[in-house]
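Visitor: Here's my sequence, what's the structure:
(chains A and B)
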Amino acid sequence: MNQFLPILIATLVAGTPLVYSALGELVAERSGVLNMGVEGMMVIGAVVAFIVMMTTGSLFLAIIAAMLAAMLLALMFAVLAVSFRANQVAVGLALTIFGTSLGSYLGKSYVGMAIVMEPSVLTAYAARIPLLGSVLGQLHPLVWLSWVLFAGVWFFLQRSRAGLILKAVGEAPLSAHALGYRVSAIRYLATLFGGAMAGVAGAYISIVYTSLWTEGLIAGRGWIAVALVVFATWRPVRCFLGAYLFGGATIAQLFAQSAGIGLPSELMSALPYLVTIIVLVLISRNAALMRLNIPASLGKPFTAEG
Amino acid sequence: MSNFSRRDFLKTSAAASLVMAGGTKMLLAADEVLKVGVIHMGAISDTGWEYFQANAWRALEKEFPDKVKVTVLENIAQIQDCERLFRQLSTQGHKLIFGTTFSQYASLKKLAPMLPNSHFECCAGIDAGDNLGVFEARHYEGTYLTGIAAGRMTKTNVLGWVGAFPVPQVIYSLNAFLLGARSVNPDVVLKVVWANAWVDPGKEKDAVAALVAQGADVLSGSPNTPVQGLAAEEKGVWSIGSTGDFSAYVKKKQLVSFELDWSSAHINAAKAVMADSWKPESRWLGLGDGGFVKMTTSSPELPESVAAEMKAAEADIISGKLKPFTGEIKDQSGAVKVAAGQSLADADIKSMTWLMEGVQGTLPQN
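Guide: Residues are numbered from 1 along each chain as shown, chains lettered A, B, ... in the order given. A predicted model of the protein is given here:
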């Protein structure tokens, strides 16, 4: 039982970057834009946040800068994929390669530095809350903020009119266009939102999670985020819980190993991907279910002429 | 140094190969500059393996500022590209060419005999071959010594190890770490967690959390980023810089550390090429002058008595009096792997695939 709390906390900490990046990608995909460049945007977010944090010492500025930098990449994606109707998969892959290389270049002179952060005042307050304090007090405010983001995205998609329009754009862009909604503009916004969230996810990893910059820092978490959206069949609640499931799978296997429980660790490392494949197989077997969930125009460029 | 990007390299190489087309002579004239090429698979800035490889050619440049010119290519990633670039470096007249990782070994083994105008050296390669020298560190001599410090400083008698991949190099390192610890504190156990990644700082941090939650209070490991040390510091436990000194990051809780220092491999090879006496050699060196393992920073909190104990063991290892893998050593199943009084042969250390008794953790079974 005394193992439970460390595992819970480690799972929340490890799942947080996935909450940000996957929810961002979810919104983008719901508008019909498949941006596979999440990994690249996260790398840029991580390196820019780290540089700004090193030079200004302000976490707030670091996160804003990471968001803006990643949004810039997302904008590039939107220009190519939405305006010029380039193949979204190809542009997304290019974005990851570009982001990763640019990240190494920008971060070159920052390798070998580490951020020493004082525990946040908010965390100290949170630690005093009875019962919950023992968990909350060990989590960075960015972790709490990801819960707010989740609530916001859920409300936006499931309960708001704007969310309905966004989903309409992803489902039936021609009809949305005929009704007078600006399909391209909405897709731009959704893509930019995805970029901003990937930026925060990257910032969280370089500043809170590891507190240093090194190449390979993101280590495929952007890809897990993309997989997670599919795993969640484009639903925010499943996406949110899935982030902790994916984060938790790694944590659980590390704890199992240190406790001497003999599980093949390579297999456990592959678990998030295996789970995604299994879920994909299951839902694709049911054509109706698949059709119900996947945004109908996902990955398809839109032209008003049809 | 000329730290080319790959593109620059490709641009200039066309012109350079024209110049070289006249044919190259192996012997260097006395005032000629020795061109040395180095290909890093990864980024020099990884704070770990490649970083120390880069320190080696930097040391070489410093040793011969006017006589040596080093061309460095990094982040090649694809071994096929490496092969092409090795050829290119050779046709451009680089007389001495280094590969920095094991993954380049197979290609070099194939290429070296075909490119007699250059001499090749591969770090972490298995055996020297035609026109190819290899060099590797006896990591275990470093982990044995740091193990002594860990065994003395642990209060819980539980040590932790974050492993990258379960390859022999990592396995003999962690076994020796426990042997060192047990040489001063027989009750110690070592918990091992595999990250299954050479570089994934996030996972390394989580692995540290898992080990600390299991009671480990001195941590070491094989993936070489400072994250492990930082995470340990956050948890208030000791960490050990294994194959890298991370005291610049881990300000308070790095207990001791050792580094890999490959400079003698680079400098001696360059000297031999300049004297035209280079021969393909297989070197496996540890502590001592010109060795590849170098003890570095200790924490001011390390008791003097422990530091002295480490020093004594270091001297004994260098003199050959102390061989870390000396029996009796049992494996996890209790089977005797090294009989009492016997020492393990180098070949058996290099190919070690068993965890010793007292290691808590598993090896993936094949």
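Visitor: Show me the helices in chain B, by range?
Guide: Applying DSSP state H to chain B gives helices spanning B:6-20, B:49-63, B:79-91, B:105-111, B:139-153, B:168-184, B:201-213, B:227-235, B:263-274, B:304-319, B:346-350.
Visitor: in the longest one, what's buried?
Guide: Taking 16 or more other C-beta atoms under 10 Å in any protein chain shown as the basis for neighbour counts, the residues of helix B:168-184 that come out buried are B:169-184. C-beta here means a position set from N, CA and C on the backbone, and glycine is covered the same way.
Visitor: Can you pull the residues of the stretch 1-150 of chain A lying near chain B?
Guide: A:3, A:6-7, A:10, A:13-14, A:17, A:104, A:107-108, A:111-112, A:114, A:116 (C-beta under 8 Å from any C-beta of the partner chain).
Visitor: Show me which of these has the smallest pLDDT value.
Guide: Comparing pLDDT over the residues of the stretch 1-150 of chain A next to chain B, the lowest score belongs to A:Gly112 (68).
Visitor: Who are the packing partners of the longest helix along chain A?
Guide: Assignment by DSSP H gives helix A:4-30 as the longest helix of chain A. In terms of contacts (3 or more C-beta pairs under 8 Å, 6 or more residues apart in numbering or on different chains; DSSP states H and E), helix A:4-30 is packed against helix A:38-56, helix A:133-136, helix A:141-159, helix A:161-171, helix A:183-203, helix A:221-231, helix A:236-258, helix B:201-213.
Visitor: Adding distance to B:Val38 and neighbour count, write the residues of the stretch 1-150 of chain A next to chain B out as CSV.
Guide: Formatted as CSV, the residues of the stretch 1-150 of chain A next to chain B follow (distance: C-beta to C-beta, whole Å; neighbours: other C-beta atoms under 10 Å in any protein chain shown):
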residue, distance to B:Val38, neighbour count
A:Gln3, 46, 13
A:Pro6, 43, 18
A:Ile7, 44, 18
A:Ala10, 39, 25
A:Val13, 38, 23
A:Ala14, 37, 25
A:Pro17, 35, 32
A:Ser104, 18, 20
A:Gly107, 22, 24
A:Lys108, 18, 14
A:Val111, 18, 19
A:Gly112, 20, 15
A:Ala114, 27, 21
A:Val116, 34, 9
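Visitor: Looking at the residues you listed, which two lie furthest apart in space?
Guide: The span of those, defined through C-beta to C-beta, is set by A:Gln3 and A:Lys108 at 40.4 Å.
Visitor: re earlier: least reliable of the helices and strands packed on helix A:4-30 by average pLDDT, please.
Guide: Taking the mean pLDDT of those, helix A:133-136 comes last: a mean of 82.
Visitor: What are the contacting residues of it?
Guide: Here helix A:133-136 makes contact (C-beta atoms under 8 Å, 6 or more residues apart in numbering or on different chains) with A:Leu5, A:Leu8, A:Ile9, A:Leu12, A:Thr123, A:Ala126, A:Ala127, A:Ile129, A:Trp144.
Visitor: Check stretch A:222-235 too.
Guide: So stretch A:222-235 is in contact with A:18, A:21-22, A:25-26, A:29-30, A:36-43, A:96, A:198, A:201, A:238-239, A:242-243, A:246, A:272-273, A:275-276, A:279-280, A:283, A:289, A:293-295, going by C-beta under 8 Å, 6+ apart.
Visitor: Please indicate which of these are buried?
Guide: A:18, A:21-22, A:25-26, A:29-30, A:36-43, A:96, A:198, A:201, A:238-239, A:242-243, A:246, A:272-273, A:275-276, A:279, A:283, A:294-295.
Visitor: The stretch 101-250 of chain B against chain A: which residues are in contact?
Guide: Counting by C-beta under 8 Å from any C-beta, the residues of the stretch 101-250 of chain B near chain A are B:160, B:191-197, B:199-203, B:205-207, B:209-214, B:216, B:225-227, B:230, B:248-249.
Visitor: again, only using 6 Å
Guide: B:191, B:193-194, B:196, B:199-202, B:205-207, B:209-211, B:213-214, B:225, B:227, B:249 (C-beta under 6 Å from any C-beta of the partner chain).
Visitor: For beta bridges, what are the partners of the residue lying closest to B:Trp354 once chain neighbours are set aside?
Guide: Closest residue to B:Trp354 apart from its sequence neighbours, by C-beta to C-beta, 6 or more residues apart in numbering or on different chains: B:Asp331 at 4.4 Å. Per DSSP bridges, the residues bridged to B:Asp331 are B:Met356.
Visitor: looking at it, B:Asp331 is touching B:Thr353, isn't it?
Guide: No. Shown here, B:Asp331 and B:Thr353 do not form a contact pair, counting by C-beta atoms under 6 Å, at 9.8 Å.
Visitor: The two: which has the busier surroundings?
Guide: Shown here are B:Asp331 and B:Thr353; by other C-beta atoms under 10 Å in any protein chain shown, B:Asp331 has more neighbours (16 against 12).
Visitor: residue ranges with poor pLDDT in chain B?
Guide: Regions of chain B meeting the criterion pLDDT under 70 cover residues B:1-31, B:46, B:223-224, B:364-366.
Visitor: Show me it divided up by domain.
Guide: B:2-137, B:139-259+B:293-360 (automatic domain parsing).
Visitor: Just send these back as a markdown table, with distance to A:Ala65 too.
Guide: Shown next, in a markdown table, are the domains of chain B (distance: least, C-beta to C-beta, whole Å):
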| stretch | distance to A:Ala65 |
| --- | --- |
| domain B:2-137 | 21 |
| domain B:139-259+B:293-360 | 21 |
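Visitor: Check those for me and report the most buried one.
Guide: Across those, averaging neighbours per residue (mean count of other C-beta atoms under 10 Å in any protein chain shown) puts domain B:139-259+B:293-360 on top, at a mean of 21.
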